[in-house]
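Participant: dropping a prediction and its sequence here:
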Amino acid sequence: MRADYYSVFPATVGAPHDMLNALKGWWENTSSTWQEAVFYTLCAAYSLVGAVAVIQLIRIEFRVPEYGWTTQKVFHLMNFIVNAARALVFGFYKSVFSLNIQILRVILLEVPGLLFFSTYTLLVLFWAEIYYQARSMPTNRLRPAFLLINGLVYFIQIVIWVLEWLSYNAVTRIVARLFFAVVSFGAALGFALYGGRLFLMLRRFPVESKGRQKKLREVGFITAVCFSCFFIRTVVVAISAFNEVADLNVLNHPLLNLVYYMVVEVLPSALVLFILRKLPPKRTSAQYHPIR
């Protein structure tokens, strides 16, 4: 990114800015060897998580083929798509970062992040449906709300891409980053709200209830992991909007990219897939709903 793009907006002053400048020497690296090692490591990590997701999807399909496309199956499919997309981007990072058309590079780097948002808000939707059904509340508006929110996010993002295509500068860059930070914060709030509600509801169940303790741990761990990853993403993306030192979409910040993507996508995805590894029962379950 050209330095004059940032001259319009003065750098943040004070301790946070000084700390970022101090860290810059650690994560900024123009060595092609370092860049190759880091981006190929990310490619391998995403490929592994994607393979786990698609294997689990196949196992679920063989276990309960009669249910069609359930929420669980769609969740694993979208996990595979997200991780496969990231693996391709990082596997061909030299071609991606050398694209002459700036907006194409931006889109290739940002689309998987949007798909990651949709994948995990689908999990929030599933929890919300369970919570509302348990409380005998209507659930007919939850799925349309999920589709509306995701559709609105993609529409606004496309508008931002068009603006960046017309004029890629400091203003459009800041707008794009802040929008994605807001989207990530919304996902974090969704996990805190519905994960927290479901956790508290499960705690009120009788201690002797079958599976209560296991479900408590499952919901608690997933809520903590997903809230943390989306909140960290919110903070990092918001900082990168105003300070090029924390920019992720550049080739010479390989270590920053390694830490960021491992913390906010790879490890959370791996943990969630591990926690949700149990196959659904062959008989009809009250907690296993086909998508209508």
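Facilitator: Cool, got the structure. Since the model is a prediction, treat every value here as computed from it, not as a measurement.
Participant: Provide the backbone phi and psi angles at the residue nearest to residue 45 when sequence neighbours are not counted.
Facilitator: Of all residues not flanking residue 45 in the chain, residue 266 sits nearest, at 4.8 Å (C-beta to C-beta, 6 or more residues apart in numbering). Backbone N, C-alpha and C define where each C-beta goes, glycine included. Torsion angles at residue 266 (phi, psi; degrees, to the nearest 10) stand at phi -60, psi -60.
Participant: now do the contacts for residue 266.
Facilitator: Counting by C-beta atoms under 8 Å, 6 or more residues apart in numbering, residue 266 touches 42, 45, 46, 49.
Participant: could you check how far it is from residue 237?
Facilitator: Per C-beta to C-beta, to the nearest Å, residue 266 is found 17 Å from residue 237.
Participant: and what of residue 49?
Facilitator: Distance from residue 49 to residue 237, by C-beta to C-beta: 21 Å.
Participant: try residue 56
Facilitator: Using C-beta to C-beta, one obtains 29 Å as the distance from residue 56 to residue 237.
Participant: the two: which is more packed in?
Facilitator: With neighbours defined as other C-beta atoms under 10 Å, residue 56 and residue 237 compare such that residue 237 has more, 24 against 21.
Participant: which element is the more buried one on?
Facilitator: When elements are assigned from DSSP states H and E, residue 237 belongs to helix 212-242.
Participant: quick one: what helix or strand has residue 120 in it?
Facilitator: Going by DSSP H and E, residue 120 is part of helix 102-134.
Participant: that helix vs helix 212-242, what angle?
Facilitator: Per axes from the mean of the first three to the mean of the last three C-alpha atoms, to 10 degrees, the angle that helix 102-134 makes with helix 212-242 is 150 degrees.
Participant: would you tell me what the next helix or strand after helix 102-134 is?
Facilitator: helix 142-166.
Participant: other SSEs contacting that next one?
Facilitator: If you count contacts as 3 or more C-beta pairs under 8 Å, 6 or more residues apart in numbering; DSSP states H and E, helix 142-166 packs onto helix 102-134, helix 170-190.
Participant: out of those, which gets nearest to residue 67?
Facilitator: Residue 67 lies closest to helix 102-134 among these, at 14.1 Å (C-beta to C-beta).
Participant: now that closest one: average pLDDT?
Facilitator: Mean pLDDT, computed over helix 102-134, is 94.
Participant: stretch 42-60 now?
Facilitator: 97.
Participant: ok, stretch 271-285 next?
Facilitator: Averaging pLDDT along stretch 271-285 gives 82.
Participant: who's in contact with it?
Facilitator: 49, 52-53, 56, 59-60, 63-64, 70, 72, 75-76, 79, 120, 123, 218, 221-222, 225-226, 288.
Participant: quick one: contacts of stretch 73-86?
Facilitator: 42-43, 46-47, 49-50, 53-54, 56-57, 60-61, 67, 111-112, 115-116, 118-119, 122-123, 126, 261, 265, 269, 273, 276, 291.
Participant: give me the neighbour count for residue 180.
Facilitator: A count of neighbours around residue 180, defined by other C-beta under 10 Å, yields 23.
Participant: tell me if I'm right that it and residue 237 touch.
Facilitator: Yes. Look at residue 180 against residue 237 with C-beta atoms under 8 Å: they come within range, at 5.3 Å.
Participant: residue 236: what's its closest spatial neighbour, skipping adjacent residues?
Facilitator: residue 260 (6.0 Å).
Participant: next, count neighbours for the one you found.
Facilitator: Considering only other C-beta under 10 Å, residue 260 is surrounded by 20 other residues.
Participant: check residue 158 too.
Facilitator: Neighbour tally, residue 158, other C-beta under 10 Å: 11.
Participant: would you mind writing the CA trace of stretch 126-135 as PDB?
Facilitator: Extracted in PDB, the C-alpha atoms of stretch 126-135 (Å, rounded to 0.1, in the frame of the first residue of the first chain):
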ATOM      1  CA  PHE A 126     -29.100 -23.400  15.300                       C
ATOM      2  CA  TRP A 127     -28.600 -22.500  18.900                       C
ATOM      3  CA  ALA A 128     -31.300 -19.800  18.800                       C
ATOM      4  CA  GLU A 129     -33.800 -22.300  17.300                       C
ATOM      5  CA  ILE A 130     -33.000 -24.800  20.100                       C
ATOM      6  CA  TYR A 131     -33.400 -22.000  22.700                       C
ATOM      7  CA  TYR A 132     -36.700 -20.700  21.300                       C
ATOM      8  CA  GLN A 133     -38.200 -24.200  20.900                       C
ATOM      9  CA  ALA A 134     -37.200 -25.100  24.500                       C
ATOM     10  CA  ARG A 135     -39.000 -21.900  25.700                       C
END
